[in-house]
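J.: Below are the sequence and a predicted model for it; my questions follow.
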Amino acid sequence: MAAYNANGTVNDSVPVIDISSFVSDGGADAGTSACAAIAAALHSHGCLVVKDPRVEASANEEFLDMMERYFEQSDGSTDARPHLHYQVGVTPSEVEKPRGHCAFGKTLKDVPVSECPPVPDAKWRFFWRIGERPAETAFEELNAPAVVPEAFADEWKPKMDGWGEKLVATAETVAEMAALGFGLERAAFKDRMACAPHLLAPTGSDLKKLAESDPADDEEPRAKKARMLGQAVELNTVLAGFHYDLNFLTVHGKSRFPGLKVWTRAGHVVVPKIPPGHLFLQAGKQFEYLTGGHVLAGFHEVIAHKACAKAARDAKRDGRSTWRVSSTCFSQIASDVVLEPLGAFDSADARAAYPPIKTGDQVQAELVAISLGAKKE
């Protein structure tokens, strides 16, 4: 395992890096070893945990509180826009389906437990756009206003925007530090993120039945079986099937329920532990393109395992919500930017593996593959 200096520690094999100094001095100390630590972590693990002084633990808690209340009362249809391929508003359970990576999964040292072939995810999601958009683009967005749930009219926009903007700011700073760590211009990634279609996309999973389960059942051996559509979440239900993210960097705040598993470049499973006030970041497919595969899009899955079941029972006992919320934010490269290997990553082999493609076309192809986009005519 890679060694990390004083700027980066290791937490359950996930590098933990404090970016406070870089943030406080505006990155003036461009030679900071934290930049090298971030670059090394992204290459070896495809992910890292960061401490960003601009992101308070209380902001994460307030966001989770609101999203728990939202998912508890949502009917899955009032705020859904299926005719817009769920690109705004709520996506109910069993709509989003991961791409099939079954053959690849079998080659890993730690094999995923997700169903093969993949089935629609048990999780819900809500899409909310963050940041400015370009004045002109070849990829016109859907002509639909953002969806604001009626019961949350007063608090929804300020809390969604406030939390999403914090996560995107962290992604931009990590992008700058990674670029420096890789020997690129500081703005190599960040400039390409300007006016991109960043998405705050929190997920929700209903753990009510799991919270009512008998702890003794956790120890019962059971054969793996495919989840039936419409079935409530039980022990070992796959909440989000084995997949990578299509975007540049995905950012998560700390969830109140465990379940996330990620795979390193070497094919090993890592279970991230996110301390309060920290954020978890994982590289997506756009990062892989820009580095010619030096950084790989990180595979992951979310499982309602024993620790998740215990957390659900504890929440029920304490009178707290049993909805598992993940404050996912997808930071992106701008739609009109061409994805291609940059700088020292630009080799003949890299260009053959990652031929130039506009980000908007890459995103559209990925959305079609996961049942959240329309095929081009």
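T.: Everything's here; your move.

J.: Quick check, central residue of this protein?
T.: residue 250 (3.9 Å; CA atoms, centre = their mean).

J.: ok, now how distant is that one from residue 198?
T.: Residue 250 is 11 Å from residue 198, where distance means CB to CB, to the nearest Å. C-beta coordinates here come from the backbone N, C-alpha and C atoms, glycine included.

J.: For stretch 49-64, give me every contacting residue.
T.: 11, 14-20, 23-24, 159, 162-163, 166-167, 169-170, 173-174, 202, 253-256, 272-281, 325, 327 (CB atoms under 8 Å, 6 or more residues apart in numbering).

J.: Keep only those of the residues you listed that are in strands.
T.: Counting by DSSP state E, the contacts of stretch 49-64 place 11, 14, 15, 16, 17, 18, 278, 279, 280, 281, 325 in strands.

J.: what's the lowest-pLDDT member of the residues you listed?
T.: Within the set of those, pLDDT is lowest for residue 11 (48).

J.: Type out the ChimeraX command that picks the buried ones from the contacts of stretch 49-64.
T.: Selecting only the buried entries of those in ChimeraX, with 16 or more other CB atoms under 10 Å as the criterion:
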select :11,14,15,16,17,18,19,23,159,163,166,167,169,170,173,174,202,253,254,255,256,272,273,274,277,278,279,280,281,325,327
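
J.: In TSV: the ones in strands among the contacts of stretch 49-64, plus distance to residue 216.
T.: TSV is the format used below for those (distance: CB to CB, whole Å):
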residue	distance to residue 216
11	31
14	32
15	37
16	36
17	41
18	42
278	34
279	36
280	32
281	38
325	28
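
J.: next helix or strand past the helix ranked longest in the chain?
T.: Using DSSP state H to define each element, the chain has its longest helix at helix 156-181. For helix 156-181, the following helix or strand on the C-terminal side (DSSP states H and E) is helix 190-193.

J.: Mind listing residues that contact that next one?
T.: Contacts for helix 190-193 (CB under 8 Å, 6+ apart): 171, 172, 175, 176, 179, 248, 290, 331, 332, 333, 334, 337.

J.: Residue 132 versus the fifth one, what's the distance?
T.: Distance, residue 179 to residue 132, by CB to CB: 22 Å.

J.: what do you get for the second one?
T.: Distance, residue 172 to residue 132, using CB to CB: 13 Å.

J.: returning to that earlier point: quick check: neighbours shared by residue 250 and residue 198?
T.: 329, 330, 331.

J.: and which of the residues you listed is nearest residue 189?
T.: Using CB to CB, residue 331 comes nearest to residue 189 of these, at 9.8 Å.

J.: mind checking the SS state of residue 59?
T.: Put simply, residue 59 is helix when judged by DSSP: H, G, I helix; E, B strand; the rest coil.

J.: Can you tell me how far it is from residue 164?
T.: 11 Å.

J.: neighbours around residue 38, how many?
T.: When neighbours are counted by other CB atoms under 10 Å, residue 38 registers 31.

J.: That one - that's part of a helix, no?
T.: Yes - under three-state DSSP, residue 38 sits within a helix.

J.: Who are the contact partners of it?
T.: Neighbours of residue 38 in contact, by CB under 8 Å, 6+ apart: 8, 17, 19, 48, 174, 177, 178, 181.

J.: hmm, 10 Å instead?
T.: When contacts are counted by CB atoms under 10 Å, 6 or more residues apart in numbering, residue 38 touches 4, 7-8, 15, 17, 19, 22, 32, 48, 50, 173-182, 281.

J.: Next: residue 72.
T.: 204, 206, 208, 321, 322, 323.

J.: Distance-wise, check it relative to residue 206.
T.: Distance from residue 72 to residue 206, by CB to CB: 9 Å.

J.: Quick check: neighbours shared by those two?
T.: Jointly contacting residue 72 and residue 206 under the rule CB under 10 Å, 6+ apart are 321, 322, 323.

J.: The first one reaches residue 311, doesn't it?
T.: No - in terms of CB atoms under 10 Å, residue 321 does not count as a neighbour of residue 311; the distance is 11.5 Å.

J.: shared neighbours of the two, which are they?
T.: The contact sets of residue 321 and residue 311 overlap at 207, 211, 256, 257 (CB under 10 Å, 6+ apart).

J.: Can you give me the separation between the third one and residue 271?
T.: This means residue 256. Going from residue 256 to residue 271 by CB to CB gives 16 Å.

J.: Same question for the second one.
T.: Summarising the geometry, the distance separating residue 211 from residue 271, computed by CB to CB, is 21 Å.

J.: Between these two, which has more neighbouring residues?
T.: Neighbour tally, residue 211 and residue 271, criterion other CB under 10 Å: the higher count belongs to residue 211, 20 against 15.

J.: Contact partners for that one?
T.: Shown in contact with residue 211 (CB under 10 Å, 6+ apart): 233, 309-317, 320-322.

J.: And residue 65, by the same measure?
T.: Going by CB under 10 Å, 6+ apart, the list of residues near residue 65 reads 159, 256, 320, 321, 325.

J.: Before I go, just wanted to say thanks for your time.
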